[in-house]
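S.K.: Would you be able to build a 3D model of this:
(one chain, ligands or ions: 2)
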Amino acid sequence: MSRESFVITDADAWVILDSRGSETVEVELVSGSVKARASAPSGKSRGSREAVPFPEKGASASVEVFRRLLKAKLVGLDPADQRGVDDLLKKIDGTQLFSKIGGNLAYAVSACSAVLAAKLKQIPTWRHISQMSGIKPAYPIPLGNVLGGGSHAGEGAPDIQEFLVFPIKASNVAEAVKANVEIHRRLGQILAKRVGGFGGGKGDEGAFAPPVDDETALKAVKEAAGDTAYVGLDVAASSLYDAAKSEYVYRNRQLRRTKQQHFEFLSRLVERYGLRYVEDPFDESDFDGFAEFCRAFPKVLVCGDDLVVTRVELLRKAAEMGAVRAVILKPNQVGTITDTVEAAVEAERRGIVRVVSHRSGETCDDFLSHLAVGLGGKFIKAGVAGGERVAKANELLRIWYSSGDTIPMQRGDEV
Ligand code: PEP
Ligand code: MG
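M.R.: Ligands and ions are numbered 1, 2, ... in the order given. Model (predicted):
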């Protein structure tokens, strides 16, 4: 039996602000009396193989392109035909990395189409995504950034971008969300006592950004986590890498490390602090470095973000080289939901852990939580503090309040 078909009757896009106060795009798609909206986040530590977020003249240029080239062509399409919508975006753009229309516009249209389709089908968005992917839904474990530095914070903060925690024993969404919030709060108190002059300043993702080195930061996070959570890092090593000299530059400490020294430094942190998750330990071009790190630490979830940029072909390469055990899925890295789902399905097939992730510049859009549940993500990486981060946690809670234990919860102690 063929399903009922739906139709987009109107479409618009406009400029709004993200959490950094930078311009981004929001899209509205309409079908009769039913409306859906989606807006796009923006990254700062972006991989070089990611979709270009906006055309050269920024978000307003994306909106201009939308009105001139896309709007009329979207009208008449079926929003539940995700591939049809996404193929149109690719055809109108015609470049490898969405540099003409902007990857953020592509993402907002693509996500909005999924949200509208779910509304028309009268099912939750996560269920629509699960039907689209064929993956069983699950509540993800929140992987929370509680302390940060690198390109997300100012001078003097740690050079490593994110110090992350995830609860070991949470048996439901509410417990998991609460565990991370409590660690963030405890960490604030520890830092206030220990770091002279620290007034609670935070970086782009709401993580504390104290003027301390990486190891001092990690010690404080470990103490705040106690035995309730595992600790991990997003090194975001492409942001540290000086390709001309093949060195990793820890700018805030005025320190340069060869790849070997960088490897040894990270190894020491893994061993001393029992790290269970390390994202982007090496530059985005260094698949061999990732593979070596995987071999050295069989229990650590070595995760590819800039390495894979949500692209199925890079995921395949990384998997075949044994370079990752986990992969970040950020839909605006690749620009469409179809491509994000394809990467998720490939990860599932290969037993690679899916980490559905926000960007450092976010809006209060809560689509990400539906994506994480619908793609059966082991983790959702969406920050802990700040309205735009809490928006994701709150939507996860709403999904849990309405669906309860009909969806299984991922478990931190099985990592
Ligand atoms: C990240 O590197 O995982 C991240 C969220 O940063 P950004 O959005 O700046 O790429
Ligand atoms: Mg990252």
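S.K.: Using PDB, write out every CA atom in the strand or helix carrying Asn332.
M.R.: In the assignment (DSSP states H and E), Asn332 maps to helix 331-334. Output in PDB follows, covering the C-alpha atoms of helix 331-334 (Å, rounded to 0.1, in the frame of the first residue of the first chain):
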ATOM      1  CA  PRO A 331      24.400  17.200  10.000                       C
ATOM      2  CA  ASN A 332      25.500  20.600   8.900                       C
ATOM      3  CA  GLN A 333      29.000  19.300   8.200                       C
ATOM      4  CA  VAL A 334      27.500  17.400   5.200                       C
END
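S.K.: from the chain's centre, how far out does it sit?
M.R.: 9 Å (C-alpha atoms, centre = their mean, to the nearest Å).
S.K.: Next SSE downstream of that helix?
M.R.: Counting by DSSP H and E, what follows helix 331-334 is helix 337-350.
S.K.: Residues contacting the helix or strand following that following helix, please?
M.R.: Sequence order places strand 353-357 as the next helix or strand after helix 337-350, per DSSP H and E. For strand 353-357, contacts defined as C-beta atoms under 8 Å, 6 or more residues apart in numbering pick out 140, 143, 279, 301, 303, 305, 325-330, 344, 347-348, 368, 371-372, 375-382, 415. No exception for glycine: its C-beta is placed from N, CA and C like everyone else's.
S.K.: where's the nearest residue to Ala391 once chain neighbours are set aside relative to Val177, distance?
M.R.: Nearest non-adjacent residue to Ala391, counting by C-beta to C-beta, 6 or more residues apart in numbering: Cys364, 4.2 Å away. As judged by C-beta to C-beta, to the nearest Å, Cys364 and Val177 stand 16 Å apart.
S.K.: Between the two, point out the one with more neighbours.
M.R.: Val177 (22 against 17; other C-beta atoms under 10 Å).
S.K.: Give me every residue in this protein lying close to ligand 2.
M.R.: Asp234, Glu279, Asp305 (C-beta under 5 Å from the ion).
S.K.: and Ala236, how far is that from ligand 1?
M.R.: 5 Å (C-beta to the nearest ligand atom, to the nearest Å).
S.K.: ok, the closest residue to that residue other than its chain neighbours - how many residues close by?
M.R.: Excluding the flanking residues, the one nearest Ala236 by C-beta to C-beta, 6+ apart is Gln161, at 3.7 Å. Counted with other C-beta under 10 Å, the neighbours of Gln161 add up to 31.
S.K.: these two touch, right, Thr336 and Ser110?
M.R.: Yes. Here Thr336 lies in contact with Ser110, judged by C-beta atoms under 8 Å, at a distance of 4.5 Å.
S.K.: and the residue in the chain that ligand 1 sits nearest to, what does it touch?
M.R.: Ligand 1 sits closest to Gly43 of the chain, with a gap of 2.9 Å, by C-beta to the nearest ligand atom. Contacts for Gly43 (C-beta under 8 Å, 6+ apart) come out as Glu50, Pro53, Lys330, Asn332, Gln333, Arg359, Ser360, Gly361.
S.K.: So for Val415, what's the pLDDT?
M.R.: With respect to pLDDT, Val415 scores 87.
S.K.: so who does it touch?
M.R.: Phe166, Tyr230, Arg276, Tyr277, Leu301, Val353, Lys378.
S.K.: what's the closest of those residues to ligand 2?
M.R.: Of all those, Tyr277 has the smallest distance to ligand 2: 11.2 Å, by C-beta to the ion.
S.K.: Please name the nearest non-neighbouring residue to the closest one.
M.R.: Spatial nearest neighbour of Tyr277, excluding adjacent residues (C-beta to C-beta, 6+ apart): Gly232 at 2.9 Å.
S.K.: ok, now Leu218?
M.R.: Beyond its immediate neighbours in the sequence, the residue positioned closest to Leu218 (C-beta to C-beta, 6+ apart) is Tyr273, lying 5.3 Å away.
S.K.: Right, I'll leave it there.
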